[in-house]
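Student: I'd like to go over a predicted model; first the sequence, then the structure.
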Amino acid sequence: MRFFTRELGNQADADELAQEAFARFVRTAPVQALGNAQAYLTRIATNLLRDFVVRGSTLLSKRSMLLDDDLDLIAASDTHRETQARQDLARWKLILDQLKPETLDIFLRNRVEGQTYVEIARELDVPLWVVQKQMLKAMKHVLAHREANDD
């Protein structure tokens, strides 16, 4: 639970993934041949987290719209909505500016330019797990601010 809560910052997702990790452990762990049960469970948890991040980033991208698309939806005569959109854009710029430059670069390459994790890793000459980890950090940051705004 601590592992998932620390990585995700979301108790509900941590509960769900912890339950799934133990269910997979019970279903697949060879009881007698298992030398280190904790290491085996940690590997299951790490794989679940990786899969969750990949699945989550896909869901997040499906839910989110490009800022330009959102601004195009505003009628020119609707000054209230235009003002609101500009304020939202400024707020999200401040939120994204809080990310470290390398995290922001990876996030923008994926979300704005549409590059895959593999393409980003190849271009930046870094391992794929580095891109995944930076995207997880960026998504946690964005989701935390989105949830804080929804309150």
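Tutor: On my side now, so go ahead.

Student: check which residues of stretch 114-121 are buried.
Tutor: By neighbour count with 16 or more other CB atoms under 10 Å, stretch 114-121 contains the buried residues Q115, Y117, I120, A121. Every residue, glycine included, has its C-beta placed from N, CA and C.

Student: hang on, isn't the first one packed against E123?
Tutor: When you say that, I think you mean Q115. Yes: look at Q115 against E123 with CB atoms under 8 Å: they come within range, at 7.5 Å.

Student: who's in contact with the residue lying closest to T103 once chain neighbours are set aside?
Tutor: The spatial neighbour of T103 that comes closest, neighbours along the chain excluded (CB to CB, 6 or more residues apart in numbering), is Q134 at 4.7 Å. Contact analysis of Q134 by CB atoms under 8 Å, 6 or more residues apart in numbering lists E102, T103, I106, F107.

Student: could you say which helix or strand holds Q134?
Tutor: Assessed by DSSP states H and E, Q134 sits inside helix 128-150.

Student: got the buried residues for that helix?
Tutor: 131-143, 145.

Student: so which of the residues you listed sits lowest on pLDDT?
Tutor: Within the buried residues of helix 128-150, H145 has the lowest pLDDT, namely 78.

Student: these two touch, right, that residue and I95?
Tutor: Yes: with contacts defined as CB under 8 Å, H145 counts as touching I95 at a distance of 4.8 Å.

Student: in the chain, which spans are helices?
Tutor: 2-8, 11-28, 37-63, 67-72, 79-97, 101-111, 117-124, 128-150 (DSSP state H).

Student: ranking these by mean pLDDT, which is last?
Tutor: Least confident of the helices of the chain, judged by mean pLDDT, is helix 67-72 with a mean of 49.
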